[in-house]
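**Student:** Provided below for reference: sequence and predicted model.
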Amino acid sequence: MSPAICFEVLTLFPGIFDGFLSESVLKGALATQKIEVRLHNMRDWATDKHAKMDDRPFGGGPGMLLKVDRVVPCVEEVRHRQKSGRLIMFTPQGRCFNQILAEELATEQRIIMLCGRYEGFDERVAEILNPEEISMGDYILNGGEVAAMAVIESVMRLVPGVLGDENSNRLDSFSAGNRILDCAHYTRPRDFRGFAVPEILLNGNHAEIDQWRKNNSLQRTKEKRPDLLVETAAGNSPLNAETLFSQISITKNKK
Ligand code: SAM
């Protein structure tokens, strides 16, 4: 069986991924070839003896920039090894990454991710390659590697067979089954330091448990992330609250 999705990462620091790729769910998904991750050290494309990838910005100013004549040939070569593929460049100025985008990317067979470092890329890298620019949020990381890891983790969870229970990701917060927050969950012991599990979850009545979960999910979204309900009402989500509740009742108690 060939992997459902191949992530290709272009980075100056492939060693950052060592531990990430060798633990837990990701390790299993790689071992069973449900997904594939290929790391490319951009320095391998440097032609000078010092493998220089960065240079000072024209006009002065702090920091160094990734050189257009190093980055572009390396991305082009990797990109054209196969026909299909979506090219992502990590930048704080791109489209903000979220679950909807993760779900969209999970339908791809190949995702190529370009990780910046230092002060970022010479502007001509984007002008020439026309990548999809993606941001991890309104804060600054040292490089795109952590962003690439976040994309790999969130997308691979959506690949069929990677998680044990096919339904387990549908009702995660923000996900396609609801687009709001997940409900509260409890496990043993029933009572800890006087904090008891809600009685209703113990009574075995699945219809009542289902209703409690729907209400809890909606209630905590109202309290913690009311913006998600506004987005749903405005049609920015594929499902409205009514559909959401019918979906929850189908899937939550399926076990
Ligand atoms: N000077 C750039 C700016 O202010 O927009 C920031 C450069 S940052 C220190 C170096 C690299 O880290 C970026 O080129 C990008 O690849 C990555 N990076 C940093 N923050 C990021 C974010 N919020 N989302 C995606 N990538 C980010």
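**Tutor:** Nice, thanks for sending it over.

**Student:** Of all residues in the stretch 1-150 of the chain, which one is closest to the ligand?
**Tutor:** In the stretch 1-150 of the chain, the residue that lies nearest the ligand is Gly116 (2.2 Å; CB to the nearest ligand atom). Any C-beta I mention is one placed from the backbone N, CA and C, and that applies to glycine too.

**Student:** That residue: how many residues sit nearby?
**Tutor:** Using other CB atoms under 10 Å, the number of residues around Gly116 comes to 24.

**Student:** Any figure for the gap between Glu119 and Val162?
**Tutor:** 36 Å (CB to CB, to the nearest Å).

**Student:** Please identify which of these two sits among more neighbours.
**Tutor:** Val162 (21 against 15).

**Student:** Next one: the more buried one from the ligand, what distance?
**Tutor:** Going from Val162 to the ligand by CB to the nearest ligand atom, to the nearest Å gives 24 Å.

**Student:** For that residue, give me its contacts.
**Tutor:** Val25, Gly28, Ala29, Lys34, Ile35, Met156 (CB atoms under 8 Å, 6 or more residues apart in numbering).

**Student:** ok, of these, which one's closest to Pro3?
**Tutor:** Ile35 (5.2 Å; CB to CB).

**Student:** Residues contacting the strand ranked longest in the chain, please?
**Tutor:** In the chain, taking DSSP state E as the definition, the longest strand is strand 86-96. The contact list for strand 86-96 (CB under 8 Å, 6+ apart) reads 75, 79, 101, 105, 108, 110-116, 120-121, 125-126, 129-140, 144, 147-148, 151.

**Student:** Buried residues in it, which are they?
**Tutor:** Across strand 86-96, burial judged by 16 or more other CB atoms under 10 Å covers Leu87, Ile88, Met89, Phe90, Thr91, Pro92, Gly94.

**Student:** near the ligand, from the residues you listed?
**Tutor:** When CB under 6 Å from any ligand atom is applied, the members of the buried residues of strand 86-96 adjacent to the ligand are Phe90, Thr91, Pro92.

**Student:** which among these gets closest to Ala51?
**Tutor:** The closest of these to Ala51 turns out to be Phe90 (CB to CB; 21.5 Å).

**Student:** List the contacts of the residue lying closest to the closest one once chain neighbours are set aside.
**Tutor:** Among residues not flanking Phe90 along the chain, Gly144 sits closest, at 3.3 Å (CB to CB, 6 or more residues apart in numbering). Neighbouring residues of Gly144 by CB under 8 Å, 6+ apart: Thr11, Met89, Phe90, Thr91, Met113, Leu114, Cys115, Gly116, Arg117.

**Student:** ranges for the helices of the stretch 151-255 of the chain?
**Tutor:** Taking DSSP state H, counting those that start in this stretch as the test, the helices found in the stretch 151-255 of the chain are 206-224, 226-233, 241-251.

**Student:** Any idea how far the longest one is from the middle of the chain?
**Tutor:** Spelled out, that is helix 206-224. The chain centroid and the centroid of helix 206-224 are separated by 26 Å under CA atoms, centre = their mean, to the nearest Å.

**Student:** Show me which residues of the stretch 1-150 of the chain sit near the ligand.
**Tutor:** Counting by CB under 6 Å from any ligand atom, the stretch 1-150 of the chain sits next to the ligand at 90-93, 115-117, 119-121, 135-137, 139-144, 147.

**Student:** Out of those, which sit inside helices?
**Tutor:** Mapping those onto helices (DSSP state H) picks out Ala147.

**Student:** In strands only, show me the residues of the stretch 1-150 of the chain next to the ligand.
**Tutor:** Filtering these for strands - DSSP E - leaves Phe90, Thr91, Pro92, Gln93, Ser135.

**Student:** Which residue is the nearest non-sequential neighbour of Val159?
**Tutor:** Ala4 (4.8 Å).
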